[in-house]
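Visitor: what follows is a predicted protein model with its sequence.
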Amino acid sequence: MAEIQIKNVAKNFGSYQALHDINLTIADQEFMVLLGASGCGKSTLLRIIAGLETATTGEIWIGGRRVDHLSPKDRGISMVFQNYAVFPHLTVFENIGFGLRMQKLPDDEVKRRVERTAGLMHIEQLLKRYSGELSGGQRQRVAVARALAMEPDVILMDEPLSNLDALLRMEMRAELKGVLAESKTTAIYVTHDQVEAMSMADRISVMHQGKIVQAATPIEVYRDPAAEFVASFIGNPPMNFLPAEAAGSGRWTVAGQNLDGPANGKDLKWAIRPEDLRIADQGFGARAKVVEPLGAHLLVTCDVDGHQFRAVLDSELSVKPGDVLTLAPQEGRGRWFDPETTLAVA
Amino acid sequence: MTAVADVVAPDTRKAGRGLYRAGVILLCAWVIIPLYLLFVNTMSSPDTVNSFPKSFIPEFNMGSLEFFMGFQGMLRALWNSVVVALMTMVMSIAIGAPAGYALSRFDFRGKELFRLLILLTRAFPLPLLALPLAVLFIRTGLDDTAFGLALVHTTLAIPFAVLITFSLFSGIPLELEEAAWTLGCTRLTAFTKVILPLVLPGITASAIFAFVISWNEVFAAAVLTIENRTLPAFLLQTLGEAPLHLKFAGGFILVVPALIFIFAVRKYLFAMWGIANR
């Protein structure tokens, strides 16, 4: 059992506040992804959990034990680093077995565990090599195997795939997800890549300016973003926003269209995903500005009432810049945000 | 029209290349010729050294070297040199390497100033220090001892030890150390199991450099010792009355170890100044 609790954690670097009052609980065996742009504090949070950084205030609990005063080696964690951190003076075997040797395990146990984790990561044939003789992808596998060999309660990963090329990244993504699910380890995974986050996570914590904006399942984060930031950060292309004017209780006018929405006194913003739009007889008048045929679909950037508006349409359609399209939102996919707090309004 | 096209522009690169080659040859000659003459004369019998005309081909006669080794006090001086240099080597690494590590791994107030000050110790003229130092050494009983001289040489060698080890430690990613910490190491075991094996060749180079600094140092050695002179100080003292072949042999014995050592560690010296990374 290794539930992780982060209680009121804040971190200051001098006068700069990197983390503001973070509270987060990660369930046993959960795969939690910390997602955010660079500088949002996600790596700092991970390093605080690992014990490589000390929180200014707050507590970290792992498996019901308070650990924030312990050094990294006593926290029951292991970590995979962005640049792999494979020890260059040791063979792959000794790298994977490094932590086990530190625990003074007998040789045959070290050998058994190294061979098992090497097998999991498909690097049995590399055990005698040095890191200088490995490719980036192989080093990554060694780093993950080394972390897994420790059989930790919690595995922490700091952008582990960001140095790999796109194809390898996709392969490793699926493999890593499988291996971690099998190892029954609680995992915290830091990334700025939303595709990685969406595809791997049980839950995603979207971070922005040192705060967790939303912590929810990938589909929730995608469908029901808790704030404008999440709506514009997740999804490629991001959500479209249009100002909504109140037209009676629960009635709204958005770019000349009447929509049902929340009963709210003040003006709101209405948002829709580009892929939730389709061509219809009735809807927003949109003048196409840029048409990008992407193969699987057609990405059209238009102008609706002076606002930029993107639509992902069927690739068979023939749309030219300057055409006026009538775009209708799919039922139930529109979302509402308070422009003052930037939070979602139900 | 076609005639114009046929005109070939003079090859300016050729002139540049010639200049470059001449420069290289000149610089090599500048260093190698004196060394070669030293070598030839050392490898010749005392008679040949003192006669005219000189030969440019070594005779491989050990006469001069034998005379040198047999010279009163010379072996003792050679021994002193080795002892002092070894002490300097150990002390400057013992003090300099932790300083280099601290400079590369920790942020503290005045770090940049500290780095600058390390270099400035080299700008301080030793002769200015010689008299007070001699007085202090006589008072504390450190005068005319190998240890006392090694202390002075250590202060001379430390700036280099700090700078070389600083660049060594900086070349090792912090992530490696952090990985070791998460894998069950303390700061100390992470250092001994991960960092030390990686920097050991560089530390060795830095130690050898400290050895050479002490080996070559003559001023402090001449001022602070009387009986227990090191080889450079001893040679300086005897140079006036010594026969020519003794000077050559002495010079040779002094130059060769320094030359070999410096050659062996050259890439680390480049790294110290940030010219090339390892």
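Guide: Okay, I see it.
Visitor: flag the shaky bits of the stretch 151-300 of chain A, pLDDT-wise.
Guide: Low-confidence segments of the stretch 151-300 of chain A, defined by pLDDT under 70: A:265.
Visitor: again with the stretch 51-200 of chain B
Guide: Applying pLDDT under 70 to the stretch 51-200 of chain B picks out residues B:54.
Visitor: contact residues of it facing chain A?
Guide: Residues of the stretch 51-200 of chain B found near chain A (Cβ under 8 Å from any Cβ of the partner chain) are B:173, B:175-176, B:178-186, B:189, B:193-194, B:197-198. Where you see a C-beta, it was placed from the backbone N, CA and C, and this is true even at glycine.
Visitor: in helices, which of the residues you listed appear?
Guide: By the criterion of DSSP state H, membership of those in helices covers B:175-176, B:178-182, B:189, B:197-198.
Visitor: by neighbour count, which of those residues wins?
Guide: Greatest neighbour count in these, by other Cβ atoms under 10 Å in any protein chain shown, goes to B:A179: 30 neighbours.
Visitor: who are the contact partners of that residue?
Guide: B:A179 sits next to A:79, A:81, A:85, A:87, A:146, B:194 when contact means Cβ atoms under 8 Å, 6 or more residues apart in numbering or on different chains.
Visitor: before we move on, what about B:N61?
Guide: When contacts are counted by Cβ under 8 Å, 6+ apart, B:N61 touches B:43-45, B:48.
Visitor: and it, helix, strand or coil?
Guide: Of the three states, B:N61 takes coil under DSSP: H, G, I helix; E, B strand; the rest coil.
Visitor: so what pLDDT did the residue nearest to A:R75 when sequence neighbours are not counted get?
Guide: Spatial nearest neighbour of A:R75, excluding adjacent residues (Cβ to Cβ, 6 or more residues apart in numbering or on different chains): A:V67 at 4.6 Å. We have a pLDDT of 93 for A:V67.
Visitor: which residues touch A:V67?
Guide: So A:V67 contacts A:51, A:60-61, A:74-76 (Cβ under 8 Å, 6+ apart).
Visitor: could you redo the last one with a cut-off of 7 Å?
Guide: Contact analysis of A:V67 by Cβ atoms under 7 Å, 6 or more residues apart in numbering or on different chains lists A:60-61, A:75.
Visitor: for B:R17, give me its contacts.
Guide: Applying Cβ under 7 Å, 6+ apart, no residues qualify as near B:R17.
Visitor: got the phi/psi numbers for it?
Guide: For B:R17, the backbone dihedrals (degrees, to the nearest 10) come out as phi -60, psi -40.
Visitor: let me know the pLDDT of it.
Guide: Note for B:R17: predicted pLDDT of 89.
Visitor: just to revisit the earlier point, can you lay out the contacts of A:V67 as JSON lines showing pLDDT, neighbour count and secondary structure?
Guide: As requested, these are exported to JSON lines (pLDDT from 0 to 100; neighbours: other Cβ atoms under 10 Å in any protein chain shown; DSSP: H, G, I helix; E, B strand; the rest coil):
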{"residue": "A:I60", "pLDDT": "95", "neighbour count": "22", "secondary structure": "strand"}
{"residue": "A:W61", "pLDDT": "95", "neighbour count": "15", "secondary structure": "strand"}
{"residue": "A:R75", "pLDDT": "92", "neighbour count": "22", "secondary structure": "coil"}
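Visitor: out of those, which comes closest to chain B?
Guide: Using Cβ to the nearest Cβ, A:R75 is the member of those that sits closest to chain B, with 8.3 Å.
Visitor: ok, the closest one - contacts?
Guide: A:51, A:62, A:67.
Visitor: can you rerun that using 10 Å?
Guide: Each residue near A:R75 by Cβ atoms under 10 Å, 6 or more residues apart in numbering or on different chains is listed here: A:49-51, A:60, A:62-63, A:65, A:67-68, A:152-154, A:156, B:182.
Visitor: and A:K266, helix, strand or coil?
Guide: Relying on three-state DSSP, one would call A:K266 coil.
Visitor: secondary structure element for the residue positioned nearest the centre of chain B, which one?
Guide: By Cα atoms, centre = their mean, chain B has its centre lying nearest to B:V212, at 3.7 Å. Using DSSP states H and E, the element containing B:V212 is helix B:196-216.
Visitor: show me the contacts for the residue of the stretch 101-250 of chain A at minimum distance from chain B.
Guide: Nearest residue of the stretch 101-250 of chain A to chain B: A:M102, at 3.5 Å (Cβ to the nearest Cβ). Applying Cβ under 10 Å, 6+ apart, we find A:M102 in contact with A:73, A:150, B:180, B:183-186, B:189-190, B:193.
Visitor: for those residues, which one is nearest A:F31?
Guide: Closest approach between the contacts of A:M102 and A:F31, by Cβ to Cβ: A:M150, at 17.8 Å.
Visitor: could you pull out the strands for the stretch 151-278 of chain B?
Guide: For the stretch 151-278 of chain B, applying DSSP state E, counting those that start in this stretch gives no strands.
Visitor: try the stretch 201-346 of chain A
Guide: A:203-208, A:211-216, A:240-246, A:251-254, A:257-260, A:268-272, A:277-293, A:297-304, A:307-314, A:324-329, A:335-337, A:344-345.
Visitor: buried deepest among these, which one?
Guide: Counting by mean count of other Cβ atoms under 10 Å in any protein chain shown, strand A:203-208 has the highest mean neighbour count of the strands of the stretch 201-346 of chain A, with a mean of 24.
Visitor: on that earlier part again, can you tell me how far the residue of the stretch 101-250 of chain A closest to chain B is from B:A190?
Guide: Here A:M102 is placed at a distance of 10 Å from B:A190 (Cβ to Cβ, to the nearest Å).
Visitor: common neighbours of the two, please.
Guide: With contacts defined as Cβ under 10 Å, 6+ apart, the residues shared by A:M102 and B:A190 are A:73, B:180, B:183-184.
Visitor: show me what stretch A:159-168 is in contact with.
Guide: Residues from elsewhere that reach stretch A:159-168 (Cβ under 10 Å, 6+ apart): A:38, A:42-43, A:46, A:79-84, A:135-137, A:139-140, A:143-144, A:147, A:169-173, A:176, A:189-193, A:196, A:200.
Visitor: swap in 7 Å and give it another go.
Guide: Outside stretch A:159-168, the residues touching it (Cβ under 7 Å, 6+ apart) are A:80, A:82-83, A:136-137, A:140, A:169, A:172-173, A:190-191, A:196.
Visitor: could you do stretch A:11-30 as well?
Guide: Residues outside stretch A:11-30 that contact it (Cβ under 7 Å, 6+ apart) are A:1-10, A:32, A:41, A:44-45, A:48, A:55-56, A:184-186, A:188, A:202-203, A:205, A:210-212, A:215.
Visitor: got CSV for the strands of the stretch 201-346 of chain A, with distance to chain B too?
Guide: As requested, the strands of the stretch 201-346 of chain A are exported to CSV (distance: least, Cβ to the nearest Cβ, whole Å):
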stretch, distance to chain B
strand A:203-208, 21
strand A:211-216, 24
strand A:240-246, 40
strand A:251-254, 50
strand A:257-260, 51
strand A:268-272, 40
strand A:277-293, 39
strand A:297-304, 39
strand A:307-314, 39
strand A:324-329, 47
strand A:335-337, 40
strand A:344-345, 38
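Visitor: do you know which of these lies nearest A:V110?
Guide: Across the strands of the stretch 201-346 of chain A, A:V110 has its closest neighbour in strand A:203-208 (34.6 Å, Cβ to Cβ).
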